[in-house]
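Visitor: would you be able to build a 3D model of this:
(2 chains)
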Number of protein chains: 2
Amino acid sequence: MADWLTKQSEDYPRWYQEVVQRGDLADYAPVKGCMIIKPYGYSLWENMQAVLDRMFKETGHVNAYFPLLIPQEFISREAEHVEGFSPELAVVTHAGGKKLEEPYVIRPTSETIIWDTYKKWISSYRDLPILVNQWANVVRWEMRTRLFLRTTEFLWQEGHTAHATADEAQEETLRMLEVYRTFAEEYMAMPVLTGLKTEREKFAGAVRTYCIEALMGDKKALQAGTSHNLGQNFAKAFDVTYNTSEGKREFVWATSWGVSTRLVGALVMAHGDDAGLVLPPRLAPIQAVVIPIYRGEEEQALTCEAAEKIATELKDLGVRTHLDDRDQMRPGFKFAEWELKGVPLRIEVGPRDVASEEVRLANRVTREKEQMKVSELMAKAPALLEQIQNDVFQRALDFRTQNTHEVDSYDEFKERLVEEGGFFRCHWDGSAETEERIQTETKATIRCIPLDAPEEPGQCMVTGKPSKGRVIFARAY
Amino acid sequence: MADWLTKQSEDYPRWYQEVVQRGDLADYAPVKGCMIIKPYGYSLWENMQAVLDRMFKETGHVNAYFPLLIPQEFISREAEHVEGFSPELAVVTHAGGKKLEEPYVIRPTSETIIWDTYKKWISSYRDLPILVNQWANVVRWEMRTRLFLRTTEFLWQEGHTAHATADEAQEETLRMLEVYRTFAEEYMAMPVLTGLKTEREKFAGAVRTYCIEALMGDKKALQAGTSHNLGQNFAKAFDVTYNTSEGKREFVWATSWGVSTRLVGALVMAHGDDAGLVLPPRLAPIQAVVIPIYRGEEEQALTCEAAEKIATELKDLGVRTHLDDRDQMRPGFKFAEWELKGVPLRIEVGPRDVASEEVRLANRVTREKEQMKVSELMAKAPALLEQIQNDVFQRALDFRTQNTHEVDSYDEFKERLVEEGGFFRCHWDGSAETEERIQTETKATIRCIPLDAPEEPGQCMVTGKPSKGRVIFARAY
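Guide: Sure, this is the predicted structure:
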């Protein structure tokens, strides 16, 4: 299967693009920078949505829907927000056969239209908090795009909450960050660092931006989700105040938080190998594929019947199972295809297996094969999938540990950044100037100021000025 | 509660708008013709989505996602399609700070971009059928808009399937029509007629359009869903052919089908009464509301505790239950509010009820009240909700039966159309001229040529020319 897929070590970006396209996750669209999410890729997104939506509802949130189109003037109400998004806007100037008096922009995010609405919804402390989420598409006109990682249009969820106090808003910001961390680690099997973005990297319009950061297979970082404390910025821009229980009038406090179809790209790069995708069982559209192996019609009838019975039994156990009984393809081709698609368990059924009531089981993660009784498979399957889920996480965690470096010299940093890659835990003097200098000289950015880092005073690796603790540097997507 | 809500008989359109806005379903947006779907309204849509999505998957469909933006040139490939949609398009002319070389339109529907994609996906009969659905937002620049019924942007699902034969495409078209009928009747409790649209009323680009048509409370018709047999129109426009099993090259056959957030408006108008919404239990976001009734703190503690226990027990039975223990509102206000919101069951718990382990149960549909033991409530609740589901359907069916008229004289038709409204089963000569004349003179359109109508030759009520069978006329939304 050497010519099946480019090796990661040969050309990682090309490997990524091939896996995404041949693995039937997505394809380029005839629209600049847009993608078509194919059924297999979309079902991965649906599985993510189902878990996240449940987690949002368990934390008290409800869904709503706000318009796609936003009056252009809204975007300019918040100074930092307009500066951050103006270069990326798509503008509707004509509609219904006429030129519009006021153009609309396609939402790049919905803070402005939502806070314009919250002005109508909020008058008293009794109306707070508002805990709303929206599943939607957004458009940001990007120059360089890559399937799932950066596309002109993408799908996401955006939470927008309104609170009576600064403390409540901060609590909510961190609560949702923790929801994202839990989702990334327990479902995507992807270990993440949680931390604060620097002033330079924060969301346009936020007071504080928190993020989850993951390490990809090529040792570059990827921001996988963000949770923003917006302070009173949007309340002030849209004049949203409330009567406190003491009868005073105050501005409302806000948060927003989001994850997008970028998570699909993260999943591909966090776990994939030279054979293709490796999907954690909890999110895999197909957890087990059953493949009959035969020569001639007699064996075909025998093995297909047994394979179908096994597939049905697995489905009854709650295992998402696919029976691949296509007769125009050889088993080797099917094996490679399902490995490319990252299915955790492959179950082969040949004529001898039928006779002995056995199957041959292949594990996508360990690549091990094992012969076992059908009855044993049924007894073990759910636990085996949980084992694979844990293995995928542990493998990614070990990889991150091996590729996280504590470095105190800028020269060593520059050298190892190029030669080794990964996360670098370094001291930084806290200034935007130093941050910018490092980025210009090395293409590395501060991914986050970790939340759980120990207090550890030191000296900035570049300027020697005092530092409160180490921050995380990496080259990133 | 006389001033709470306009009476249907006084001003139906105003009643509708008040119910939708005060019932927290939706509100107007600061964007021409767009709406904000509020959490209560959105959760109704989510319940609809969940059922429909399951029904689509059970009939073999998978979800995918195609771009929001479509190259303007694509729309013009199919002659009827471009004529039908051109007046309604919203056009993106600028993006990323520049004028675009080629403008994009925001999808009004996705046949064109999907068939451009299917050209890449289909080469052999082995690639067929393709059974894809998409949940998405679309934009059609409408002149006159009304919340849910006709909005510039709306949410919908659009199925797009590709088949090897004309027969398969026709089967699929009718299969999805039947899915819509089942959903409308069994979940929305809304009886619908199924039938064929006339040439004049069919979808721009379709060979045949089938629809489900419902009767609203003001005796106007509403098209609630459509299923189109597209023949080879889009395959020819986008040059999508396949190799048959005999090695011949043929154009692919297509269907598309959709329902939208318009269904929420249909639900409001199919069942609502002067007290507000009436929601069928299977779709109601809240199936039962529990309200403690008390004076003073002692009774408050007592009744709230009992009410909470009852709410928890109902939730454990799978009943979607809300405890309304807000202390700043009087019970009468709460009763009216939950009636407005259409909650099927209201459970009142006063101090005497607590002592006797009883509750007072109010039925939103029959408006009857009944005193019963808590244990009896728990034993009965799920069956009672099913009973209400059936009652809502039966009431709507009786209403439709009473308001369906068989008329043979055009004069009688014109008179009764104005005085009585409803569905009119009449003979028509099959010509577009007569159809147009009737519409011009009466504002009534042919809603459908019913699928299950008996063969009944007759004479057109207008021209006296021969007619094969009766068709359905009505004034419609």
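Visitor: can you show me the helices along the stretch 201-350 of chain A?
Guide: A:233-237, A:262-271, A:296-316, A:331-340 (DSSP state H, counting those that start in this stretch).
Visitor: now do the helix ranked longest in chain A: which elements does it pack against?
Guide: Of all segments of type helix in chain A, defined using DSSP state H, the longest is helix A:374-402. With contacts taken as 3 or more C-beta pairs under 8 Å, 6 or more residues apart in numbering or on different chains; DSSP states H and E, helix A:374-402 sits against strand A:208-215, helix A:262-271, helix A:296-316, strand A:345-349, strand A:358-363. Placement of C-beta: from N, CA and C, glycine included.
Visitor: if you set the cut-off to 10 Å instead, what comes out?
Guide: Identification of packing neighbours for helix A:374-402 by 3 or more C-beta pairs under 10 Å, 6 or more residues apart in numbering or on different chains; DSSP states H and E yields strand A:208-215, helix A:262-271, strand A:288-292, helix A:296-316, strand A:345-349, helix A:351-356, strand A:358-363, strand A:369-373.
Visitor: tell me which of those sits nearest to chain B.
Guide: Closest to chain B of those, according to C-beta to the nearest C-beta: helix A:262-271, at 11.2 Å.
Visitor: so does the closest one get close to chain B?
Guide: No - figure legend: helix A:262-271 not in contact with chain B (C-beta under 10 Å from any C-beta of the partner chain); closest approach 11.2 Å.
Visitor: and that helix, what does it pack against?
Guide: With contacts taken as 3+ C-beta pairs under 10 Å, 6+ apart, helix A:262-271 sits against helix A:12-22, helix A:39-58, strand A:153-163, strand A:208-215, strand A:221-231, helix A:374-402.
Visitor: quick one, that helix and helix A:12-22 angle?
Guide: 120 degrees (axes from the mean of the first three to the mean of the last three C-alpha atoms, to 10 degrees).
Visitor: helix A:262-271 versus helix A:39-58: what angle between them?
Guide: Put simply, helix A:262-271 runs at 110 degrees to helix A:39-58, going by the same axes, to 10 degrees.
Visitor: average pLDDT for helix A:262-271?
Guide: Averaging pLDDT along helix A:262-271 gives 98.
Visitor: count of neighbours near the residue lying closest to residue A:173 once chain neighbours are set aside?
Guide: Spatial nearest neighbour of residue A:173, excluding adjacent residues (C-beta to C-beta, 6 or more residues apart in numbering or on different chains): residue A:229 at 4.3 Å. Other residues within reach of residue A:229, judged by other C-beta atoms under 10 Å in any protein chain shown, total 25.
Visitor: with residue A:225 instead?
Guide: 28.
Visitor: rewinding a little: does the residue nearest to residue A:173 touch residue A:255 like I think?
Guide: Yes - using C-beta atoms under 10 Å, residue A:229 is in contact with residue A:255, at 5.8 Å.
Visitor: any common contacting residues for these two?
Guide: With contacts defined as C-beta atoms under 10 Å, 6 or more residues apart in numbering or on different chains, the residues shared by residue A:229 and residue A:255 are A:169, A:170, A:171, A:172, A:173, A:174, A:206, A:207, A:208, A:210.
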